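Colleague: heads up, no residue letters with this:
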């Protein structure tokens with residue numbers, strides 16, 4: 001299977017890329033679902049809209065900055081290339097880091113429990129990732145090495161692993177799982193920790209197949225960060241669960 005045309009449509013002489021369309025759809029669905037479920041987490045619906053106004057632009061900026069930093073040799077001295085995100089080049093880890101920073105500040109000013117907001121948002125983040133990954137397919141990027149598997153895709157005349165598909169399916173399953181877990185949440189932060197652990201396990205495995213990974217010296221950046229997140233979230237899970245048992249968890 002070959003990737004289709006990366007251009008979704010043309011408006012006023014400007015090509016609108018599938019990459020941007022799919023990321024936009026993912027953002028919109030994530031906000032809509034979070035808006036509808038906000039009362040379950042003792043959060044006003046209007047706060048989600050306020051949060052989104054800051055979250056969307058800052059997470060995109062951070063996702064781009066993260067990608068550029070770890071691919072600096074490709075962008076050195078070329079400001080126009082740094083600003084051009086239409087052809088791809090957004091790192092989900094950078095977007096998540098930016099989103100967490102925005103959430104911490106937003107929760108401080110709105111007097112919201114951070115883990116309540118995070119537990120509400122992260123299932124929808126997984127759904128947005130599941131949708132957004134298909135943008136990599138249209139751009140013929142974020143793929144793996146050569147394979148003869150029947151679901152391989154063709155990139156530059158070679159059949160390769162569709163790693164975007166592996167992550168998309170995993171993230172959709174993660175969205176379903178976390179959404180159901182929210183009904184059985186035992187403590188604030190439980191959903192957040194589960195997201196961090198389960199998404200990072202997937203990224204740790206799938207990244208091994210990719211051929212275009214961002215690097216830290218000889219190591220794949222996403223794998224290093226994923227290991228750190230797994231360890232951090234396991235420790236945090238134990239601490240938050242212990243606090244719940246002493247009466248400091250979900251009321």
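Modeller: Ah, there it is. Keep in mind it's a predicted model, so treat the numbers as computed, not measured.

Colleague: start from the N-terminal end of the stretch 51-200 of the chain and give the helices.
Modeller: 72-75, 79-83, 92-110, 114-132, 134-138, 163-181, 190-206 (DSSP state H, counting those that start in this stretch).

Colleague: may I see the buried residues of the first one?
Modeller: Judged by neighbour count using 16 or more other C-beta atoms under 10 Å, the buried positions of helix 72-75 are residue 75. Yep, even glycine has a C-beta here, placed from its N, CA and C like the rest.

Colleague: and for it, what's in contact with it?
Modeller: 68, 81, 82 (C-beta atoms under 8 Å, 6 or more residues apart in numbering).

Colleague: thinking again about what came up before, of the helices of the stretch 51-200 of the chain, which stretch is the most buried?
Modeller: Most buried of these by mean neighbour count (mean count of other C-beta atoms under 10 Å) is helix 114-132; its value is a mean of 24.

Colleague: circling back to that earlier point, between the helices of the stretch 51-200 of the chain, which one is closest to residue 155.
Modeller: helix 134-138 (9.8 Å; C-beta to C-beta).

Colleague: mind giving me the packing neighbours of that closest one?
Modeller: With contacts taken as 3 or more C-beta pairs under 8 Å, 6 or more residues apart in numbering; DSSP states H and E, helix 134-138 sits against helix 18-37, helix 163-181.

Colleague: what packs against the last one?
Modeller: Using 3+ C-beta pairs under 8 Å, 6+ apart as the contact criterion, the neighbours of helix 163-181 among helices and strands are helix 114-132, helix 134-138, helix 190-206.

Colleague: just the longest one next, same as before
Modeller: Counting contacts by 3+ C-beta pairs under 8 Å, 6+ apart, helix 18-37 is packed against strand 7-11, helix 45-69, helix 114-132, helix 134-138.

Colleague: ok, which of the ones you listed comes nearest residue 203?
Modeller: Per C-beta to C-beta, nearest to residue 203 of the helices and strands packed on helix 18-37: helix 114-132, 10.2 Å.

Colleague: so how far is that closest one off the chain centroid?
Modeller: 8 Å (C-alpha atoms, centre = their mean, to the nearest Å).

Colleague: now do it, average pLDDT.
Modeller: What helix 114-132 shows for mean pLDDT is 97.

Colleague: check stretch 17-36 too.
Modeller: 94.

Colleague: now distance to residue 95 too, for the helices and strands packed on helix 163-181, in CSV please.
Modeller: Listed next are the helices and strands packed on helix 163-181 as CSV, based on distance: least, C-beta to C-beta, whole Å:
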stretch, distance to residue 95
helix 114-132, 9
helix 134-138, 13
helix 190-206, 13
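
Colleague: next up, the contacts around residue 37.
Modeller: 120, 182.

Colleague: 6 Å - rerun?
Modeller: Residue 37 makes no contacts at all, as judged by C-beta atoms under 6 Å, 6 or more residues apart in numbering.

Colleague: and residue 79, how far from residue 68?
Modeller: 11 Å (C-beta to C-beta, to the nearest Å).

Colleague: and for residue 50?
Modeller: 29 Å.

Colleague: what about the two, which has more around it?
Modeller: residue 68 (19 against 13; other C-beta atoms under 10 Å).

Colleague: quick one: low-confidence residue ranges for the stretch 151-251 of the chain.
Modeller: 245-251 (pLDDT under 70).

Colleague: at 90 instead, please
Modeller: Within the stretch 151-251 of the chain, the stretches with pLDDT under 90 are 156-157, 183, 211-219, 243-251.

Colleague: please name the nearest non-neighbouring residue to residue 116.
Modeller: residue 41 (4.6 Å; C-beta to C-beta, 6 or more residues apart in numbering).

Colleague: correct me, but that neighbour touches residue 118?
Modeller: No - contact criterion C-beta atoms under 6 Å: residue 41 and residue 118 do not qualify, at 9.5 Å.
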